[in-house]
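> Predicted model follows, preceded by the sequence.
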Amino acid sequence: MTLWKLTLEYDGTGYSGWQEQKNARSIQGALREAAEDYFGREVELQGSGRTDAGVHALGQVAHLRVAERSGRKADELVRALNERLPASIAVRAAEPHHGRFHARHDACSRTYLYQIATRKTAFMKKYVWWIKDDLDIDAMTKAASLLAGRHDFVCFRAQDHARPDESTIVVVESASVIADGDLILFRITASHFLWRMVRRVTGVLVKIGKGEMTQAQFAQLLAGRCDKRLDVAAWTAPAAGLFLERVDYAESRPS
């Protein structure tokens, strides 16, 4: 058996998400099809985590296991897969692993980036959420600083039928909001994320930026005290602005 660690990027527009589904176009399905065509046999393929329909990735990680002896070169594999993949998916790197490696179970943290546009853009519609109202970036930055630490994100979680018993406790390593020209960038790093958690947090940050939610109300939600008057689900940010930016493993984290 040969095991490869793959790093890839993709434009999630038009896909049902990372995970393979019946009668739906997925990133995992497209990668599997390309890999099995190249190797001429079935492969085991697992990603570091699911990304929703329409969500993009700058640094998704997957492991690919195939029943053959090692000997292929990494650059040859990258080139062969990219030749077979659609233009919206690109393998950035391939690394052979001689020990045990699991893209999801071995991940230490994941970082998501959300892009909010403060003006209409002709070229980035698929990759930003355009907010027409003025936003108080200082208020959003202050709110984002509250995210670091251990919180119960039950108020931000969409019901996940695939993982009904999943704990809603998440430890956030860091979170920030910065202005970069016509963009507001929200970046958050944690060990794992609940379904639609980042998009709902983003939606709430925008509400704070508009002056429609207080810091105290945000802190209440982070404490797991949901309020029917605060309709977090209705404020879910669009998938278009969200990117899985990076996945870190023990081997790549600074000591």
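Here it is on my side, so go on. Numbering: from 1, shown residues only.
> can you pull the contacts of Val247?
48-49, 59-61, 103, 107, 109-111 (CB atoms under 8 Å, 6 or more residues apart in numbering). (Each C-beta comes from the backbone N, C-alpha and C, glycine too.)
> so Thr121 makes contact with Val128?
Yes: here Thr121 reaches Val128: they are 6.5 Å apart, a contact under CB atoms under 8 Å.
> if we can go back for a sec, so which of the contacts of Val247 is the closest to Met140?
Thr111 (18.2 Å; CB to CB).
> Where does the closest one sit: helix, strand or coil?
At Thr111 the chain is in strand, as set by DSSP: H, G, I helix; E, B strand; the rest coil.
> Over to the one 4 residues further on?
Under the three-state scheme (three-state DSSP), Gln115 adopts strand.
> and it, how far is that from Leu242?
From Gln115 across to Leu242, the span is 8 Å (CB to CB, to the nearest Å).
> Which of the two has more residues huddled nearby?
Leu242 (26 against 20; other CB atoms under 10 Å).
> can you tell me which residues contact that one?
Leu242 neighbours (CB under 8 Å, 6+ apart): 51-52, 55-56, 112-114, 198-199, 202.
> one more time with 7 Å, if that's ok
55-56, 112, 114, 198-199 (CB atoms under 7 Å, 6 or more residues apart in numbering).
> Ala67 now?
1, 41.
> Ok, Tyr127 next?
56, 115, 240-241 are the contacts of Tyr127 under CB under 7 Å, 6+ apart.
> For it, grab phi and psi.
phi -120, psi 10 (degrees, to the nearest 10).
> One more: Ala219?
phi -60, psi -40.
> Next one: it from Leu194, what distance?
Taken as CB to CB, the span from Ala219 to Leu194 is 19 Å.
> where do the strands sit along the stretch 151-255 of the chain?
Taking DSSP state E, counting those that start in this stretch to define them, one finds strands in the stretch 151-255 of the chain at 169-180, 183-190, 242-249.
> So for Ala148, which of these sits nearest?
strand 169-180 (5.4 Å).
> Out of the contacts of Leu242, flag the one nearest to Asp180.
For those, the nearest to Asp180 is Tyr114 (12.5 Å; CB to CB).
> isn't that closest one right next to Phe186, touching?
Yes: applying CB atoms under 7 Å as the test, Tyr114 and Phe186 come out as touching, 4.3 Å apart.
> Ala250: how many residues sit nearby?
Neighbour tally, Ala250, other CB under 10 Å: 9.
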